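Asks: need a 3D model of the following:
(one chain, ligands or ions: 1)
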Amino acid sequence: MTIRVTVWGENVHEHENAVVAGVYPDTMHVTIADALNRAGGISAGTVTLQDPDHGLTPERLAETDVLIWWGHTAHGDVRDEIVDRVCDAVWGGMGMIFLHSAHFAKPFKRLMGAPCNLTWREAGERERIWVTSRNHPIAAGLPDFFELEHEEMYGEPFGVPEPLETVFISWFQGGEVFRSGLTYRRGAGNVFYFRPGHETYPTYHNAHVQRVIANAVRWAHNPAARIANPNDAPNVPVDRAPEKIETRGATLHKAGEAGYR
Ligand code: ZN
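Replies: I've put the predicted structure just below:
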């Protein structure tokens with residue numbers, strides 16, 4: 001079975017900043033998709049903020065097993081209607097991976113229900129990424145740690161809910177540490193946050209980083225059929241209760257009513 005991946009790129013820095021354009025002449029999202037297409041068992045395509053519906057039409061999401069998100073400067077330009085659509089897809093079972101500055105992306109903040117803030121510094125520091133969950137499938141094939149010579153620092157406290165599992169922690173040359181690989185389940189969807197990937201550094205060309213993202217795609221993929229309406233909250237009338245019962249006392253709602261939202 002081939003896992004269908006859509007890489008969503010904000011696609012702004014690559015066209016407005018000469019350093020980023022030099023590091024990623026093919027754009028970040030295409031670089032990430034190309035690496036996934038070489039990984040085996042994965043078919044990755046790309047969409048961007050500038051596409052109609054930001055590239056995330058209902059049809060595209062229905063054909064996406066795992067969505068990868070990179071955004072930074074234009075989080076506010078993502079339409080709320082599209083955020084709703086993406087979150088519904090995750091709650092219905094689509095896998096989702098948020099990279100680096102996507103900690104402030106609207107769908108990540110919605111799915112986390114938390115500020116998602118952190119400390120940061122742009123000083124080209126060495127980042128040492130430690131595997132904290134050795135047998136975790138997202139860490140498969142990695143050494144005990146690997147290093148990125150130049151990265152932006154993200155430091156704790158990271159304002160996210162306690163994850164299901166912490167797969168990586170990062171140490172930075174300046175002394176800070178950060179939980180840099182976190183798993184969540186939201187509705188029926190598997191969600192992974194992976195920290196590295198500041199746009200002025202060649203992070204997505206790194207073989208270990210590429211391996212983590214490919215491993216995360218396989219981990220996040222949910223082969224079960226997508227839940228059509230994950231927001232359904234059906235009323236179960238008395239006569240359809242699993243055990244025979246009778247209504248007791250006063251009721252606010254009529255049998256079979258939709259209820260309040
Ligand atoms: Zn950054």
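
Asks: when you work out contacts or count neighbours from here on, use the C-alpha atoms and nothing else.
Replies: Fine.

Asks: quick check: pLDDT value at Phe192.
Replies: Per-residue confidence at Phe192 stands at 99 (pLDDT).

Asks: could you point out the helix or strand that follows the helix or strand where it lies?
Replies: Here Phe192, judged by DSSP states H and E, is contained in strand 189-194. Moving toward the C-terminus from strand 189-194, the next helix or strand (DSSP H and E) is helix 207-220.

Asks: burial measure for the nearest residue to Val5 once chain neighbours are set aside, as a count.
Replies: Counting by C-alpha to C-alpha, 6 or more residues apart in numbering, Val5 lies nearest to Ala44, which is 4.4 Å off, once chain neighbours are set aside. Applying other C-alpha atoms under 10 Å, we find 23 residues neighbouring Ala44.

Asks: give me every residue that touches Ala44.
Replies: Arg4, Val5, Thr6, Val7, Ala33, Asp34, Leu36, Asn37 (C-alpha atoms under 8 Å, 6 or more residues apart in numbering).

Asks: try it again with 7 Å
Replies: Arg4, Val5, Thr6, Val7, Ala33, Leu36, Asn37 (C-alpha atoms under 7 Å, 6 or more residues apart in numbering).

Asks: tell me the angle of the strand holding Phe192 relative to helix 207-220?
Replies: With axes from the mean of the first three to the mean of the last three C-alpha atoms, to 10 degrees as the basis, strand 189-194 and helix 207-220 are set at 170 degrees to each other.

Asks: helix/strand/coil for Glu127?
Replies: Secondary structure of Glu127, reduced to three states by DSSP: H, G, I helix; E, B strand; the rest coil: strand.

Asks: Provide the secondary structure category for Leu36.
Replies: helix.

Asks: list the contacts of Val131.
Replies: Val131 touches Ala139, Asp144, Phe145, Val167, Phe168, Ile169, counting by C-alpha under 7 Å, 6+ apart.

Asks: neighbours of the second one, how many?
Replies: For Asp144, the count of nearby residues is 12 (other C-alpha under 10 Å).

Asks: from Lys244, how far off is the residue lying closest to it once chain neighbours are set aside?
Replies: Of all residues not flanking Asp144 in the chain, Val131 sits nearest, at 5.6 Å (C-alpha to C-alpha, 6+ apart). Distance from Val131 to Lys244, counting by C-alpha to C-alpha, to the nearest Å: 53 Å.

Asks: do the same with Leu164
Replies: Counting by C-alpha to C-alpha - Leu164 and Lys244 are separated by 38 Å.

Asks: ok, the two, which is more surrounded?
Replies: Leu164 (12 against 8).

Asks: these two touch, right, the more buried one and Thr183?
Replies: Yes: assessed by C-alpha atoms under 7 Å, Leu164 is found in contact with Thr183 at 5.5 Å.

Asks: which among the contacts of Ala44 end up buried?
Replies: Neighbour counting with 16 or more other C-alpha atoms under 10 Å marks Arg4, Val5, Thr6, Val7, Ala33, Leu36 as buried within the contacts of Ala44.

Asks: confirm the fifth one sits in a helix?
Replies: If I follow you right, that is Ala33. Yes: remark: Ala33 belongs to a helix, assigned using three-state DSSP.

Asks: what residues are up against it?
Replies: With C-alpha under 7 Å, 6+ apart, Ala33 has these contacts: Val7, Ala44, Gly45, Thr46.

Asks: and it, what's its pLDDT?
Replies: On pLDDT, Ala33 comes in at 98.

Asks: against Arg185, how distant is it?
Replies: The value you get for Ala33 to Arg185, if C-alpha to C-alpha is used, is 24 Å.

Asks: quick one, strands of the stretch 101-250 of the chain?
Replies: 119-131, 145-155, 165-172, 177-186, 189-194 (DSSP state E, counting those that start in this stretch).
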